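In: structure of the sequence below:
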Amino acid sequence: MDYRLENINDNEFEKMVNTICQNVLGTGVIEFSKGKDGGRDGKFVGTAQNYPSTKDSWSGKFIIQAKHTENPVASCSDNEFEKIVEDEILKIKKLKANGEIDNYLLFTNRKYSGIKGERLLNKIITETGIKNCVIIGKEVINNQFLNSNKDIVKLYRLDLNHISFDFSDEEIKEIILAFREQLPEIKDDIKNEVNKLKQDFTFIDKKEKNSKNRLSEEYFHEHIVGESLMDFDKIGQFLSNPVNEDLKDYYFDTAHELNQIIFLKRDNFDLFEEIFLFIYKLICDGSTTLKGSKRHVTTFLHYMYYECLIGKK
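Out: Got it, this is the predicted structure:
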């Protein structure tokens, strides 16, 4: 679930983060007033009640930092967030020099990108020497902390902003960008394969699939067969390349997540092409990183459909 945290202001987000920390660290969490925080929006001293787990809880001096954005498609992959982390590293170093920090929790309502997010986390650990460090993105805030504590949701009226159709789209963005980068190296001598694929693709099983999913014949022939099909073999080569093993895992994770959401929310749409357009807009609207690559998003969605990874088989 996405509680649309971009719709609350910075101060409300900070207060919400400290309330979450009171639940996972303890009631001794101290909240700082708005202003120059010196790299901290809250602090806690002691042993955490259940973070990162009840069996292996962190202890010592905790510094809590909250970084809010009003951009609904912001992610930890953005250059802006990287600059934020660099500024935070300087503050953490000062806190460490004063003996004020053992554990660092950075909360953000940005989407957490597995690759870039981990790089930034390792950068903090390496440059500050604080090993107990974590960047907590909107997915964990929503699914781990808010879904399990409806009192916080009600306290900050987050249920008023709730949107039911959401998924982790950073992975597919990384796949699209890598595909575009490698595209010139992928062999283009596949005319015969494409012609063969066209024949296979129009077999009765695909017609039945289209019927089950309420995908119109016009959309099928005009957009999937007419536009996307020519790149299917390239996608297959891209995913089968051992260099892209991690991206291949992201691809199947994304397809699985999308298929679950589509199954639950199918009645909200009429024709299946409306789902393609809806997901495309979720991924692409406001995204600067995908500039020049957005057409590949639709192609990958069509390929998932063709591979029977999304939609009814």
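In: any low-confidence regions in the stretch 201-313 of the chain?
Out: Within the stretch 201-313 of the chain, the segments meeting pLDDT under 70 span 201-205, 268.
In: which residues in it form helices?
Out: Secondary structure of the stretch 201-313 of the chain (DSSP state H, counting those that start in this stretch): helices at 204-213, 217-219, 232-240, 245-265, 272-284, 294-306.
In: can I get these in TSV with mean neighbour count?
Out: Heads up, the C-betas are built off the backbone N, CA and C, glycines and all. Below are the helices of the stretch 201-313 of the chain laid out as TSV (neighbours: other Cβ atoms under 10 Å):
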stretch	mean neighbour count
helix 204-213	14
helix 217-219	13
helix 232-240	18
helix 245-265	16
helix 272-284	18
helix 294-306	21
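In: residue 64: which of those is closest?
Out: helix 245-265 (29.4 Å; Cβ to Cβ).
In: packing partners for the closest one?
Out: For helix 245-265, the packing partners by 3 or more Cβ pairs under 8 Å, 6 or more residues apart in numbering; DSSP states H and E come out as helix 170-182, helix 232-240, helix 294-306.
In: check contacts around residue 227.
Out: The neighbours of residue 227, taking Cβ atoms under 8 Å, 6 or more residues apart in numbering as the test, are residue 299.
In: rewinding a little: can you put the helices and strands packed on helix 245-265 in CSV and add distance to residue 148?
Out: Formatted as CSV, those follow (distance: least, Cβ to Cβ, whole Å):
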stretch, distance to residue 148
helix 170-182, 23
helix 232-240, 35
helix 294-306, 30
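In: quick one: closest of those to residue 248.
Out: The nearest among the helices and strands packed on helix 245-265, by Cβ to Cβ, is helix 232-240 at 5.0 Å.
In: now the closest one against helix 170-182, angle please.
Out: Going by axes from the mean of the first three to the mean of the last three Cα atoms, to 10 degrees, helix 232-240 is angled at 110 degrees with respect to helix 170-182.
In: and helix 232-240, how far from the chain's centre?
Out: Offset of helix 232-240 from its chain centre (Cα atoms, centre = their mean, to the nearest Å): 23 Å.
In: which residues are contacting stretch 54-62?
Out: 21, 25, 43-52, 99-105, 132.
In: switch the cut-off to 10 Å
Out: 21, 24-26, 28-30, 40, 42-52, 95-96, 99-105, 131-134 (Cβ atoms under 10 Å, 6 or more residues apart in numbering).
In: same deal with stretch 209-220?
Out: Here stretch 209-220 has contacts from 201-202, 206-207, 222-226, 262, 266, 269-276, 302, 305-306, 308, 310-313, using Cβ under 10 Å, 6+ apart.
In: mind pulling the model confidence for residue 9?
Out: Listed pLDDT for residue 9 reads 92.
In: and it, how close does it get to residue 311?
Out: To residue 311, residue 9 is 40 Å away according to Cβ to Cβ, to the nearest Å.
In: more neighbours, the two?
Out: residue 311 (21 against 11; other Cβ atoms under 10 Å).
In: pretty sure that one is touching residue 269, no?
Out: No - applying Cβ atoms under 10 Å, one finds residue 311 not in contact with residue 269, separated by 11.5 Å.
In: the longest strand in the chain is where?
Out: strand 59-67 (DSSP state E).
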